[in-house]
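Undergrad: Fold the following for me, if possible:
(one chain, ligands or ions: 1)
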Amino acid sequence: MADKHLDTILEESRRFSPPEQFTKDAHISSFAEYQKMYKKSIEDPQGFWDSVAKELHWYKKWDRVLDESGAPFYKWFVNGKTNITENCLDRHLNTATRNKAAIIWEGEPGEERVLTYWDLWYEVNKFAHALSRLGIKKGDRVAIYLPMIPELAVAMLACARVGAVHSVIFAGFSAESIRDRVLDSQARLVITADGGWRRGKVLPLKGIVDDGVKECDCVTDVIVIKRSPGEPFPCHFQEGRDHWYHDLMDVAFVPHQPEQVDSDDMLFLLYTSGTTGKPKGIIHTTGGYMVYTYHTTKHVFDLKAKDVYWCTADVGWVTGHSYIVYGPLANGATCVMYEGAPNTPDEGRFWKIVERYGVTVFYTAPTAIRAFMKWGDEWPKKYDLGSLRLLGTVGEPINPEAWMWYHEKIGNSRCPIVDTWWQTETGGILITPLPGATTTKPGSATFPYFGIDAAVLDGDSKETNAGLLAIRRPWPGMLHGIYGDPERYKATYWSKWDGMYFPGDGAKKDKDGYFWILGRVDDVVNVAGHRIGTAELESVFVEHKDVVESAVIGVAHDIKGQGLVAFVTLAGSVEGTPELQKELFQWVAKKIGKFALPEKIIFSADLPKTRSGKIMRRLLRDIAEGRALGNVTTLADASVVEELKNKYEEE
Ligand code: WT7
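TA: Numbering: from 1, shown residues only. Sure, this is the predicted structure:
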């Protein structure tokens with residue numbers, strides 16, 4: 001993937017300067033202005049972020065902007081007291097924003113709901129009151145497993161209002177994944193729904209939660225939101241533990257005063273895959289995250305009062321946390337939220353939504369763009385996309401071809417595109433064009449955001465043209481550790497170079513200083529913008545009674561960017577039948593979730609290994625991508641790869 005991508009981008013010579021029409025009203029309206037602000041933010045980061053933070057509401061001002069004494073456990077806005085919901089909700093009630101749509105929601109079957117800022121404030125206050133009546137208090141962990149309905153945002157904000165730590169689990173995860181996450185965070189409460197719509201079917205979310213929490217003694221309560229009016233979708237109800245959301249809301253009061261939390265208090269946990277079998281609970285705290293998502297949302301999406309902003313991500317991933325919920329609401333923006341699939345009932349669904357609500361800013365992922373390309377230009381052509389003024393992409397490197405299609409067919413060659421590079425860990429966007437200022441090159445995330453000291457380094461921390469991406473100093477949106485594992489936090493992110501952050505991506509910097517992100521350099525595969533650790537999947541395979549060993553690799557995939565291929569060695573007498581193959585697919589769906597399914601499972605009597613027993617994944621990738629085999633001299637048994645190559649080609 002990386003090699004192929006590198007070849008294409010090296011040939012990329014197209015340039016797109018911000019359209020005059022756009023620049024005229026943009027918050028940041030020239031490259032010179034960006035450079036001036038950037039310089040200031042790097043020369044005096046504390047001064048820069050101090051003045052940004054002052055735009056927000058604090059109960060008590062911070063003593064210092066940044067405390068580096070416990071590095072890499074940095075502290076931002078030290079001793080500041082705030083509540084993010086005060087900034088996302090209450091702050092807007094004294095202005096015209098009070099009556100403005102905060103969330104315009106559309107369900108997959110077609111229902112529409114609009115919540116104004118007042119409505120959202122009202123719901124969040126009531127639910128916060130309900131949570132405190134259940135005894136949920138500051139610091140408690142609350143797992144949230146919901147479809148994309150407004151109550152997902154309400155639940156997160158209500159947790160934040162009482163100072164509880166939410167841990168949103170994407171509704172595509174399996175019961176066992178819920179169990180692992182609930183146990184790791186010791187969540188007391190799980191918030192779910194009777195069901196949610198996806199591709200014309202109802203996902204039985206409550207049933208999945210019931211299975212997931214069976215072994216979780218820490219869970220004392222489960223709150224169930226009824227997805228639709230009328231009878232609930234069939235689900236089991238456990239007296240004493242389970243509560244209907246609407247029953248709790250009926251007896252809850254407003255206003256419910258926000259808890260005054262410390263900058264450094266945890267806002268949320270979000271689990272993400274790493275290079276080991278165990279997902280990491282990424283910790284985000286309050287102050288720095290709030291300031292950073294507020295500021296990036298405003299400038300990267302150039303938000304204005306009249307914008308209708310739509311980020312198509314699921315709130316179950318960090319994109320939804322930062323750029324559907326916290327960042328846009330802190331800016332008083334109107335957000336579209338859509339529950340279902342992009343091709344239900346047909347492939348025009350997204351464009352119909354853009355037309356219906358007059359979406360002005362649209363933010364999606366390269367994998368979605370490639371799917372739209374495959375479905376054909378006729379779908380966007382059926383709708384009026386004239387309201388759009390800015391497009392964004394995130395999740396993986398975007399190939400220039402998809403970038404151009406997006407630019408021409410969706411943006412009608414007049415909307416800037418912001419290709420935003422960031423991660424669960426970074427909290428917000430770190431490398432990105434500013435739409436009114438930056439001349440873009442298709443496939444490049446362009447330049448670092450304010451205060452971001454990004455560089456491409458070699459192993460000795462020397463700058464190079466092609467190497468590893470590094471962030472050379474802390475930034476406000478940064479993660480604040482891995483839950484329960486401070487050592488892993490230091491080892492994973494802060495020990496490649498002295499005092500610098502290592503995100504795990506390869507990158508290139510061209511002669512004009514543009515950053516080109518090349519993809520992961522560790523054993524993390526980015527499947528349709530979802531991060532999956534190969535080690536995580538391998539450990540799932542070997543947990544199966546018939547499997548003794550497995551190697552999982554990422555391979556290039558036309559739509560998903562990367563797909564997974566699993567090589568599996570079975571126990572002695574077990575035969576690799578099609579039934580067993582099917583069973584193993586189901587096993588992965590059960591252990592992680594369907595989105596983690598490999599493209600192929602290949603049974604192989606042996607795996608190519610070095611003499612010291614290390615699996616040579618590079619050779620497996622060569623086989624899977626149909627390349628000539630690389631150097632095989634270090635193999636313990638060279639015949640293994642030949643056999644495997646033949647087998648793979650047969651399949
Ligand atoms: C990984 C982070 C950021 C929210 C969604 C994914 C890749 C992300 C880009 C981009 C090239 C990108 C990186 C990164 N990535 N955005 N614009 N260009 N690569 O969050 O699951 O934490 O994954 O996604 O490899 O490390 P995540």
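
Undergrad: Let me see the contact set for P147.
TA: 171, 193, 195-198, 203, 205, 227, 339 (CB atoms under 8 Å, 6 or more residues apart in numbering). For the C-beta atoms, the positions are set from N, CA and C on the backbone; glycine is no exception.

Undergrad: could you redo the last one with a cut-off of 10 Å?
TA: Neighbour list for P147: 107-108, 171, 192-198, 202-203, 205, 225, 227, 314-316, 339-340 [criterion: CB atoms under 10 Å, 6 or more residues apart in numbering].

Undergrad: so which helix or strand takes in Y122?
TA: Assignment of secondary structure by DSSP states H and E places Y122 within helix 117-133.

Undergrad: Would you mind confirming that P433 is in contact with A26?
TA: No: taking contacts as CB atoms under 10 Å, P433 lies outside contact range of A26: 11.4 Å.

Undergrad: shared neighbours, those two?
TA: Joint contacts of P433 and A26 (CB under 10 Å, 6+ apart) are 18, 416.

Undergrad: Between those two, which has more neighbouring residues?
TA: Taking other CB atoms under 10 Å, P433 and A26 do not tie; P433 has more neighbours (27 against 20).

Undergrad: which of the residues in stretch 13-32 are buried?
TA: Neighbour-count burial for stretch 13-32, with 16 or more other CB atoms under 10 Å as criterion, is recorded at 16, 18-19, 22-23, 26-29, 31.

Undergrad: which one of those residues is nearest the ligand?
TA: F16 (16.2 Å; CB to the nearest ligand atom).

Undergrad: OK, contacts around the closest one?
TA: When contacts are counted by CB under 10 Å, 6+ apart, F16 touches 403-404, 407, 413, 416-417, 433, 438-442.

Undergrad: Could you check the pLDDT of it?
TA: Note on F16: pLDDT of 97.

Undergrad: who does it bridge with?
TA: Per DSSP bridges, the residues bridged to F16 are T440.

Undergrad: can you tell me how far it sits from C415?
TA: 10 Å (CB to CB, to the nearest Å).

Undergrad: Spell out which residues are contacts of both of these two.
TA: Residues touching both F16 and C415 by CB under 10 Å, 6+ apart: H407.

Undergrad: how much space between the closest residue to the ligand within the stretch 301-450 of the chain and L269?
TA: Nearest to the ligand, among the residues of the stretch 301-450 of the chain, is T424, at 3.4 Å (CB to the nearest ligand atom). According to CB to CB, T424 stands 11 Å off from L269.

Undergrad: how about the nearest residue to the closest residue to the ligand within the stretch 151-300 of the chain, chain neighbours excluded?
TA: With CB to the nearest ligand atom, the shortest gap between the stretch 151-300 of the chain and the ligand falls at T272, namely 5.4 Å. Nearest non-adjacent residue to T272, counting by CB to CB, 6 or more residues apart in numbering: T424, 4.3 Å away.

Undergrad: before we move on, the earlier item: I'd assumed E425 was in contact with the residue of the stretch 151-300 of the chain closest to the ligand.
TA: Yes: using CB under 10 Å, T272 is in contact with E425, at 7.5 Å.

Undergrad: of those two, who's got more company?
TA: More neighbours surround E425 than the other of T272 and E425, with 24 against 20 (other CB under 10 Å).

Undergrad: P433: what secondary structure?
TA: When classified by DSSP: H, G, I helix; E, B strand; the rest coil, P433 comes out as coil.

Undergrad: ok, it - contacts?
TA: 16, 18, 31, 34, 300, 392, 416-420, 439-441, 444-447, 449, 514.

Undergrad: same question, V124
TA: Here V124 is in contact with 85, 88-90, 115, 153-161, 254, 256, 258 (CB under 10 Å, 6+ apart).

Undergrad: again, only this time at 7 Å
TA: Neighbouring residues of V124 by CB atoms under 7 Å, 6 or more residues apart in numbering: 85, 89, 154, 157-158, 161.

Undergrad: Excluding chain neighbours, give the residue nearest to Q186 in space.
TA: According to CB to CB, 6+ apart, the nearest residue to Q186 is C218 (4.6 Å).

Undergrad: What separation do you get for the one you found and K490?
TA: C218 sits 27 Å away from K490, taking CB to CB as the criterion.

Undergrad: Repeat that for W197.
TA: Taking CB to CB, one finds W197 at 43 Å from K490.

Undergrad: Of these two, which one has the most company?
TA: More crowded of W197 and K490, by other CB under 10 Å: W197, with 22 against 15.

Undergrad: Point out the residues in the chain that sit beside the ligand.
TA: 272, 317-319, 394-397, 419-424, 445, 503-505, 517, 519-520, 526, 529, 531 (CB under 6 Å from any ligand atom).

Undergrad: Could you rerun that using 5 Å?
TA: Counting by CB under 5 Å from any ligand atom, the chain comes close to the ligand at 319, 394-397, 419, 421-424, 445, 505, 517, 520, 531.

Undergrad: Which members of the contacts of V124 are positioned in helices?
TA: Residues of the contacts of V124 located in helices (DSSP state H): 85, 154, 157-158, 161.

Undergrad: Give the residues shared as contacts by T272 and E425.
TA: I282.
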